[in-house]
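In: what would the 3D arrangement of this be:
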Amino acid sequence: MYAFASTGVINFRLQYSDEIAELAPDACSLSKGNHQYRVNIQIHGESTLKQELALAELAYDAT
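Out: Numbering: from 1, shown residues only. Next comes the predicted model:
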């Protein structure tokens with residue numbers, strides 16, 4: 001996981017899937033680079049913060 005404090009973007013090393021789309025509808029896959037294993041979400045409120053925490057738990061459980 002990478003966090004960019006200046007932009008509020010969190011980058012997870014996860015493969016985008018239907019499960020992620022349900023957990024975090026504001027998340028998206030990276031548009032360039034090794035995008036199949038990158039999921040980004042920008043925190044801009046309580047809703048996206050909760051989605052980010054769900055993705056963090058998913059990533060943690062996968063390790």
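In: leaving out chain neighbours, which residue sits closest to residue 27?
Out: When the adjacent residues along the chain are set aside, residue 27 lies closest to residue 41, with 4.3 Å between them (Cβ to Cβ, 6 or more residues apart in numbering). C-beta here means a position set from N, CA and C on the backbone, and glycine is covered the same way.
In: hang on, that neighbour in a helix?
Out: No. Going by DSSP: H, G, I helix; E, B strand; the rest coil, the assignment for residue 41 is strand, not a helix.
In: Provide the partner residues of it in its beta bridges.
Out: With beta bridges defined as DSSP bridges, residue 41 has these partners: residue 10.
In: for the protein, which segments count as helices?
Out: Here the chain has its helices, by DSSP state H, at 18-23, 46-62.
In: mind putting those into CSV with distance to residue 29?
Out: Below are these laid out as CSV (distance: least, Cβ to Cβ, whole Å):
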stretch, distance to residue 29
helix 18-23, 9
helix 46-62, 12
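In: I'd like those helices as CSV, with mean neighbour count and mean pLDDT appended.
Out: Below are the helices of the chain laid out as CSV (neighbours: other Cβ atoms under 10 Å; pLDDT from 0 to 100):
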stretch, mean neighbour count, mean pLDDT
helix 18-23, 13, 93
helix 46-62, 14, 93
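In: residue 11: which of the ones you listed is closest?
Out: When the helices of the chain are ranked by distance to residue 11, counting by Cβ to Cβ, first place goes to helix 46-62 at 10.3 Å.
In: ok, residue 12 - contacts?
Out: With contacts defined as Cβ atoms under 8 Å, 6 or more residues apart in numbering, residue 12 is in contact with 1, 38, 39, 40, 41, 55, 56, 59.
In: max pairwise distance over these: which two?
Out: When the contacts of residue 12 are compared pair by pair using Cβ to Cβ, the two farthest from each other are 38 and 56, 14.7 Å apart.
In: how deep is the nearest residue to residue 12 once chain neighbours are set aside tucked in, by neighbour count?
Out: Distances taken as Cβ to Cβ, 6+ apart put residue 39 closest to residue 12, at 4.6 Å, once the chain neighbours are dropped. Applying other Cβ atoms under 10 Å, we find 25 residues neighbouring residue 39.
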